[in-house]
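*Asks:* Next input, structure requested:
(chains A and B)
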Amino acid sequence: MTDRRDGPVPLEVRGLVKRYDNLTAVAGVDVTVNVGDVYGYLGPNGAGKTTSLRMMLGLIRPTAGTVRLFGRDPMESVRALEGVAGFVEAPTFYPYLTARRNLELLAAFDGRDAKKRIDEALETVELTDRAGDKVGGYSHGMRQRLGIAAALLRDPELLLLDEPATGLDPAGMRDMRVLIRRLADQGMTVVLSSHLLAEVEEVCNRVAIVRTGKIVYEGEIAELKRGAGTVYRLETTDDERALAVCQAQPGIDEVHTEHGRIAFTADEAAAAELSQALIEAGALIQVLTPQTVTLEDLFFSLTEGVDGAGPPPAGSPSAQPPVESAR
Amino acid sequence: MRPGIWTVYRWELTKLRYQKRTYLGLGAAALVPILFVVAIHFRHNRHGGDFAFSSYLTRSGLAVPLVLLLFGAVWMFPLITALVAGDIIASEDHNGTLKTIFTRSLERGQIFAGKALATATYAVAAIMLSGTVAVIAGSIQSGFNSLQTLSGTIVSAPKGLELVYVGLLVYLIPIAAIVCIGLLLSSITRNSAAAVVGTLMVSLLIQLIGILPGLGGLQPYLLSTQFNAWQGLLRTPIDWSPIVQAAWVCALYGIPAICAAYLVFLRRDVAGG
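*Replies:* Numbering: from 1, shown residues only, chains lettered A, B, ... in the order given. Here you go, the predicted model:
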């Protein structure tokens, strides 16, 4: 695989808009995917993820905005897709042809040495034994895997996958995650659209969270979680006094009670100082536990807010989700 | 090697080999002449040769493909052509495979051209198959005899065979226009059944215009009329004027249709599948 680290970024999307009559499916999306990223494009169903991906692959014409794949415009020529592969929604094939025949057709449409990769691709997705069966008889999961195999024929540097684990059983989902991780470890840049938070959290390093066609957060997952702060749960010998101490203590925020326990957000240093203050106030600590914020918490806080009042703008340094929902 | 129109063309033919409708079309093209000859055989034996074109059909087997071309123009050959022309793009919509092939290394224009060529190949195969089966079955029934032209002169059997095959080639001119209309409807409707039926309906409606009172003046410019252009070959001397007329009239039907189909295919959003 060619190393393009010094070249143009694999995927750069600016101001992408798609309108159908009076429906705006995508409302000004900006995305930058760098070499080596495993990028999660995360949002609830109907958020405009698939429409965005279709525009990224040149399948539909944007109403406004630009897409660049390694600096090239997919609407100008299919040559922009050189080094790019993937699928949107469920991958589709000719049902009356066998899996191998389908891959042979696609390899012929790819040209170069794609045909030589058929066996390897089938092996990677563990479909070698069923390659002689007609795709019409394939299960959803097998089609998903065949979709990955079809993408691998292109020896892609950028892989765009739309909901690759949707409809799979738990074992199939796990296998799909392992496969994507393995491809990423081989140096592939991956864009993964999904509404499955576990999938994105497990395999992605960066994420765009999209809601009603707009991106409400873009950045590293670790950064997103860090920005959310850590939620602590506290129990003391005198909770009433402890609550007053917490409210007065600098660096302790969002103080409230939950199921009879005190909860607040703070960083580690502020929590340490608080414990000292509690001892001095005579409220002895019985329990002080940090609770990890999951991507799921952040996702819901970002995607279920009310327009204009809920989530902060995309990419903003203040893009910190409210922590009330943190568990 | 970079893929091109030829790649698409080869694979479209492969796909046609795996589809029932191809065999339905080609099967009908082969079967109808056989049934036609069987019918001639029984009618000749029962009624002593008193039926339309009876003397013509029983005198030489070479007359069978010609009479078949005459009747086949009404709906049989347009339908056989439409079976593939109306389906070749719409079936991609049905299977949701446009997004699969549009994200490989071929431009949409190349894919369209490959599909159009494959459709044309199927149409040529269907007409030639039908004609050949008609010649063989007709010759078995009525003999490989000399043929009477429309001017009343007699041509030898080999010359008659040559005229039959040139006639089949001329017949391909209006068939090509049907292919173009089928591709357009296939591209626009994105629905195989609608495109196949639509193509046939267009063909029938054009014939209907020809028989409406007061519209006789339009006759030379109707697509249906061009299906009779081959008859110029059976004049002595050969009358090329209906063939030349068929070429440009069919171009007037076919070229705008295929250009529109191409543009729709090129510019469409692939939002389904």
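*Asks:* count of neighbours near the nearest residue to residue B:87 once chain neighbours are set aside?
*Replies:* Closest residue to residue B:87 apart from its sequence neighbours, by CB to CB, 6 or more residues apart in numbering or on different chains: residue B:192 at 4.4 Å. Backbone N, C-alpha and C define where each C-beta goes, glycine included. Neighbour count of residue B:192, defined by other CB atoms under 10 Å in any protein chain shown: 21.
*Asks:* try residue A:22
*Replies:* 5.
*Asks:* where does it land on pLDDT?
*Replies:* For residue A:22, the pLDDT comes out at 85.
*Asks:* Please apply the same query to residue A:324.
*Replies:* On the pLDDT scale, residue A:324 gets 31.
*Asks:* distance of the residue nearest to residue B:87 from chain A?
*Replies:* Distance, residue B:192 to chain A, using CB to the nearest CB, to the nearest Å: 14 Å.
*Asks:* what's in contact with the longest helix seen in chain A?
*Replies:* The residue-count maximum for a helix in chain A (DSSP state H) belongs to helix A:170-185. With CB atoms under 8 Å, 6 or more residues apart in numbering or on different chains as the test, helix A:170-185 has contacts from A:36, A:38, A:124-126, A:141, A:144-145, A:148, A:152, A:159, A:161, A:164-165, A:168, A:190, A:192, A:196, A:199, A:202-203.
*Asks:* try stretch A:231-240
*Replies:* A:242, A:246, A:254, A:257-258, A:260-266, A:271, A:278, A:282-291, A:293, A:323, A:326-327.
*Asks:* Selecting buried members of those residues in PyMOL, what would you type?
*Replies:* Buried members of the contacts of stretch A:231-240, defined by 16 or more other CB atoms under 10 Å in any protein chain shown, are picked up in PyMOL with:
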select buried, chain A and resi 242+246+254+262+263+264+265+266+271+278+283+288+293+323+326
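*Asks:* and the contacts of stretch A:231-240 near chain B, which?
*Replies:* Within the set of those, contact with chain B (CB under 8 Å from any CB of the partner chain) is found for no member.
*Asks:* quick one: which of the contacts of stretch A:231-240 sit in strands?
*Replies:* A:254, A:257-258, A:261-266, A:285-291 (DSSP state E).
*Asks:* For residue A:86, give me its contacts.
*Replies:* Residues in contact with residue A:86, defined by CB under 8 Å, 6+ apart, are A:53, A:57, A:151, A:156, A:158, A:159, A:160, A:161, A:162, A:191, B:103.
*Asks:* in what helix or strand does it lie?
*Replies:* According to DSSP states H and E, residue A:86 maps onto strand A:84-87.
*Asks:* Report the backbone C-alpha coordinates of that strand in PDB.
*Replies:* C-alpha atoms of strand A:84-87 as PDB (Å, rounded to 0.1, in the frame of the first residue of the first chain):
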ATOM      1  CA  VAL A  84     -11.100   4.600  -1.900                       C
ATOM      2  CA  ALA A  85     -13.700   1.800  -1.400                       C
ATOM      3  CA  GLY A  86     -16.700   1.100   0.800                       C
ATOM      4  CA  PHE A  87     -20.400   0.800   0.700                       C
END
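*Asks:* pLDDT averaged over that strand - what is it?
*Replies:* 93.
*Asks:* Can you list the helices and strands that the helix or strand that that strand is followed by packs against?
*Replies:* Next in sequence after strand A:84-87, counting helices and strands by DSSP H and E, comes helix A:99-110. Here helix A:99-110 touches helix A:118-124, helix A:140-152, helix B:5-17, helix B:98-102, going by 3 or more CB pairs under 8 Å, 6 or more residues apart in numbering or on different chains; DSSP states H and E.
*Asks:* do you know which of those helices lies nearest residue B:74?
*Replies:* With CB to CB, the closest approach to residue B:74 among the helices and strands packed on helix A:99-110 belongs to helix B:5-17: 25.2 Å.
*Asks:* residues contacting the residue nearest the centre of chain B?
*Replies:* Among the residues of chain B, the one closest to the centroid is residue B:175, at 3.8 Å (CA atoms, centre = their mean). By CB under 8 Å, 6+ apart, residue B:175 lies in contact with B:77, B:81, B:123, B:127.
*Asks:* let's see it at 10 Å
*Replies:* B:73, B:77-78, B:80-81, B:85, B:120, B:123-124, B:126-127, B:168, B:226-227, B:250, B:254 (CB atoms under 10 Å, 6 or more residues apart in numbering or on different chains).
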